[in-house]
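**Student:** Sharing a model that was predicted from the sequence below.
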Number of protein chains: 2
Amino acid sequence: MEHGLTVEDLRGRIEEIFLRAGTNAVQAAALSRVIVAGERDGCKSHGIYRIEGVLRTLRAGKADGTAIPELDPCTGSAILRVNARGGFSTPAFELGLPALAERARELGLAALVVNDCSHFSALWPEVEAVTDHGLAALVMCPSYATVVPTGGTSPLLGTNPFAFGWPRRDAPPYVFDFATSVAARGEIELHRRAGKPLPEGWAIDAAGRPTTDPEAALAGAMLPFGGHKGSAIGTMIELLAGIMIGDLTSPEVLDFLGATTLSPMHGELILALSPEKFAAGRKGDPFARAETLFEAIQGQGARLPSQRRFAARQKALAEGIVLTGAELAQLDRWHDLGLDAIA
Amino acid sequence: MEHGLTVEDLRGRIEEIFLRAGTNAVQAAALSRVIVAGERDGCKSHGIYRIEGVLRTLRAGKADGTAIPELDPCTGSAILRVNARGGFSTPAFELGLPALAERARELGLAALVVNDCSHFSALWPEVEAVTDHGLAALVMCPSYATVVPTGGTSPLLGTNPFAFGWPRRDAPPYVFDFATSVAARGEIELHRRAGKPLPEGWAIDAAGRPTTDPEAALAGAMLPFGGHKGSAIGTMIELLAGIMIGDLTSPEVLDFLGATTLSPMHGELILALSPEKFAAGRKGDPFARAETLFEAIQGQGARLPSQRRFAARQKALAEGIVLTGAELAQLDRWHDLGLDAIA
């Protein structure tokens, strides 16, 4: 049995769940926007499935649903800072975005630092929010220690996502957003549930030996993508989006949480770059030139990232979001029970 | 037969070669500094071997050895710009570095754009020059089209290096600098000369099929590292360090050069970030916290990048740089014949 909902209807239902669970309006609104965006784009792993994680994190006292984020505009600097005050990253990002865009347009380049936030969302919603301002975006954050540095034996780095966006005039932006581990932790969990072995090269066991057993992998560590290169990028993210911004690294996050079932508390680094400022005085329009590059990529049968997501979005906007009866029942359960829905 | 030379002796000999070949003092000095750094660090692929490429590029008229780079400080912006005016990237970078460091210390974050430069050097010398100012660095540039985007059939992206550095107080910096292709083009050439097949996953042939034949790979294309993730990063570098800064993309570079034996002409993007500014007002000293991370990496037997290079440097500084008789004879030949040494 299937039911189509408008994006706004579903967003409102999600918002209501969080409000009834005790979050304030700022948190509930931003949380509902990012979760409905995941569901709309067919990213089930970042859709309504995440509601439970948010409730669990609130119930564990590892995020503050009543926090009001605070913006420090750091006038005269290329850095802006939002303190999420222990709330979720999304309202903090939304608060900082207009100031970030203005600063990047003024200086050509600016950074938004989000500190002390509980973070579960994909990075592409933030990347796209920056590209909506005609700016390129580079976004990264730590996670919690589940990835082994290449050559090592135990988890230290996070899955540390790395995301980038380039604004396009007549198309959704060029966007990528990926974990710097070979696979996401959820993919290993899916193999475990299905009783399927992992592909080679995904993980090591607790003794540091390569394994294809999902159970052993979950007790061990995941491998970085691309060997030592991905390991280096993951380390860079710990340095820039953890240590440099004065926030927790992935091992520190795990210490703070004591579990990988809760939303990690850390910081986030968002860089915004103005193609107009960078290209000023040079030949050619950067947006037109980028289209030539995209055509050359697609012209040889290669794909631009995020196209499946944009297709799902188009369908959802036209036809509504289709949830199963079980999913709708789960929404009702969260709505009625709030934090008590969590075991 | 081996001969040890001091770094300064070898640098002087390299400088003399370029001066006699008709370059001006600015170009010769900066070229000699970057080439001797490669030789000193045991990076033979970026050492004196590169002299021939510089001479060949000058002889082909694809770089201007008499160029004087020009700095546009773009006051009131987080972007500084140096136009290399068709000369090499290294003197342009050296001209822009002090202003970049000052701007990054002032604003927390700044970008140096180098335009219209002939570029053959590794990125780590520039990364290290930024970290010497107590700043973190992110450096990238295109190359010429030799890498296929994942899912495609023909070369479009460059090997597009991506480099990062973090300053350390009592040790050489944390530095990585790698091609976003699986392998460097030189490694495929080495396999060809040795008559050895390539590892699986390095390359495709001209028809777009996977190949382990080095000849077929050189006629085809190299693959990005890490599958679609490396392909996305390579594309990002075309966008940010080619199109955004108003300079050539890798396919455009290949059109301009007409050959892959010459030093590519394009631009370069250098970001400098001030850990002190980013961490201001937050708990913990970022440099001390980074050491904890590095200890955790090394403590489990994983290596930090660039350690082999730093060990070679220490040896070279203590014992001199050892060149073979053939290498010394080649230096003499370049010295005596200049551009006429090029076939």
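**Tutor:** Yep, it's here. Residues are numbered from 1 along each chain as shown, chains lettered A, B, ... in the order given.

**Student:** Going along the chain from the helix or strand hosting residue A:276, find the next helix or strand for me.
**Tutor:** When elements are defined using DSSP states H and E, residue A:276 is found to belong to helix A:275-279. Past helix A:275-279, further along toward the C-terminus, the next helix or strand under DSSP H and E is helix A:286-299.

**Student:** ok, and for that next one, which residues are buried?
**Tutor:** A:286-287, A:289-291, A:293-294, A:296-297 (16 or more other Cβ atoms under 10 Å in any protein chain shown). To be clear about C-beta, it is placed using only N, CA and C from the backbone, and glycine gets the same treatment.

**Student:** Please apply the same query to stretch A:276-286.
**Tutor:** Under the neighbour-count criterion of 16+ other Cβ under 10 Å, stretch A:276-286 has A:277-279, A:282, A:286 buried.

**Student:** Go back to the residues you listed and keep what's next to chain B.
**Tutor:** Taking Cβ under 8 Å from any Cβ of the partner chain, the overlap between those and the neighbourhood of chain B is A:277-279, A:282, A:286.

**Student:** Okay, strands next: where are they in the stretch 51-200 of chain A?
**Tutor:** Listed from the start of the chain, the stretch 51-200 of chain A has strands (DSSP state E, counting those that start in this stretch) covering A:70-72, A:79-83, A:109-118, A:136-140, A:162-166, A:174-178.

**Student:** Just send those back as TSV, with mean neighbour count and distance to residue A:196 too.
**Tutor:** Output for the strands of the stretch 51-200 of chain A, formatted as TSV (neighbours: other Cβ atoms under 10 Å in any protein chain shown; distance: least, Cβ to Cβ, whole Å):
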stretch	mean neighbour count	distance to residue A:196
strand A:70-72	15	46
strand A:79-83	25	42
strand A:109-118	27	32
strand A:136-140	25	31
strand A:162-166	26	27
strand A:174-178	24	22
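
**Student:** which ones are touching the residue most central in space within chain A?
**Tutor:** Using Cα atoms, centre = their mean, the residue of chain A that lies closest to the mean C-alpha position is residue A:122, 2.0 Å off. Contact analysis of residue A:122 by Cβ atoms under 8 Å, 6 or more residues apart in numbering or on different chains lists A:38, A:43, A:46, A:161, A:163, A:177.

**Student:** how about the biggest helix by length in chain A: buried residues?
**Tutor:** In chain A, with assignment by DSSP state H, the single longest helix is helix A:89-107. Along helix A:89-107, these residues count as buried under the neighbour rule (16+ other Cβ under 10 Å): A:89-97, A:99-101, A:103-105, A:107.

**Student:** from the chain's centre, how far out does it sit?
**Tutor:** In this view, helix A:89-107 has its centroid 17 Å away from the chain centroid, taken as Cα atoms, centre = their mean, to the nearest Å.

**Student:** same deal with stretch A:137-156?
**Tutor:** Average the C-alpha atoms of stretch A:137-156, do the same for its chain, and the two points are 15 Å apart (Cα atoms, centre = their mean).

**Student:** repeat for stretch A:279-294
**Tutor:** Here the centre of mass of C-alpha atoms in stretch A:279-294, compared against the chain's by Cα atoms, centre = their mean, lies 29 Å away.

**Student:** same check, this time on stretch A:299-316
**Tutor:** Averaged over its C-alpha atoms, stretch A:299-316 has a centre that lies 19 Å from its chain's centre (Cα atoms, centre = their mean).

**Student:** residues in contact with it?
**Tutor:** With Cβ under 8 Å, 6+ apart, stretch A:299-316 has contacts from A:7, A:39-43, A:124, A:172, A:174-177, A:294, A:297-298, B:148-154, B:156, B:228, B:231-232.

**Student:** are any of the residues you listed buried, and which?
**Tutor:** The neighbour-count test (16+ other Cβ under 10 Å) marks A:7, A:39-43, A:124, A:172, A:174-177, A:294, A:297, B:148-150, B:152-154, B:156, B:228, B:231-232 as buried among these.

**Student:** Give me the angle between the helix or strand harbouring residue A:32 and helix A:89-107.
**Tutor:** Element membership of residue A:32 [criterion: DSSP H and E] is helix A:25-40. Relative orientation of helix A:25-40 versus helix A:89-107 (axes from the mean of the first three to the mean of the last three Cα atoms, to 10 degrees): 90 degrees.

**Student:** what's the spacing between helix A:25-40 and its chain's center?
**Tutor:** Offset of helix A:25-40 from its chain centre (Cα atoms, centre = their mean): 13 Å.

**Student:** With stretch A:307-326 instead?
**Tutor:** 19 Å.

**Student:** can you pull the buried residues of that stretch?
**Tutor:** For stretch A:307-326, a neighbour-count test (16+ other Cβ under 10 Å) marks A:309-310, A:312-313, A:316, A:320-321, A:323 as buried.

**Student:** now those in CSV, with secondary structure, distance to residue A:220 and pLDDT?
**Tutor:** Output for the buried residues of stretch A:307-326, formatted as CSV (DSSP: H, G, I helix; E, B strand; the rest coil; distance: Cβ to Cβ, whole Å; pLDDT from 0 to 100):
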residue, secondary structure, distance to residue A:220, pLDDT
A:309, helix, 31, 97
A:310, helix, 36, 98
A:312, helix, 34, 97
A:313, helix, 36, 98
A:316, helix, 38, 96
A:320, coil, 42, 96
A:321, strand, 37, 96
A:323, strand, 35, 95
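
**Student:** tell me the two of those that are most distant?
**Tutor:** By the measure Cβ to Cβ, the buried residues of stretch A:307-326 have their two most distant members at A:310 and A:323, which lie 20.4 Å apart.

**Student:** quick one: contacts for whichever residue of the stretch 101-250 of chain A sits closest to chain B?
**Tutor:** Of all residues in the stretch 101-250 of chain A, residue A:246 sits closest to chain B, at 2.3 Å by Cβ to the nearest Cβ. Contacts for residue A:246 (Cβ under 8 Å, 6+ apart) come out as A:115, A:267, B:278-284, B:286.

**Student:** How many residues are close by residue A:141?
**Tutor:** The burial count assigned to residue A:141 is 30, neighbours taken as other Cβ atoms under 10 Å in any protein chain shown.

**Student:** List the contacts of the closest residue to it other than its chain neighbours.
**Tutor:** Distances taken as Cβ to Cβ, 6 or more residues apart in numbering or on different chains put residue A:268 closest to residue A:141, at 4.2 Å, once the chain neighbours are dropped. Contacts of residue A:268 were listed using Cβ under 8 Å, 6+ apart, and they are A:89, A:93, A:113-114, A:117, A:119, A:139-141, A:241, A:245.

**Student:** helix, strand or coil for residue A:268?
**Tutor:** State at residue A:268, reduced to three classes by DSSP: H, G, I helix; E, B strand; the rest coil: strand.

**Student:** Tell me which residues are up against the helix holding residue A:276.
**Tutor:** Contacts of helix A:275-279 with the rest of the structure, by Cβ under 8 Å, 6+ apart, involve A:105, A:107-109, A:134-136, A:166-167, A:285-287, B:77, B:79, B:111, B:113, B:243-246.
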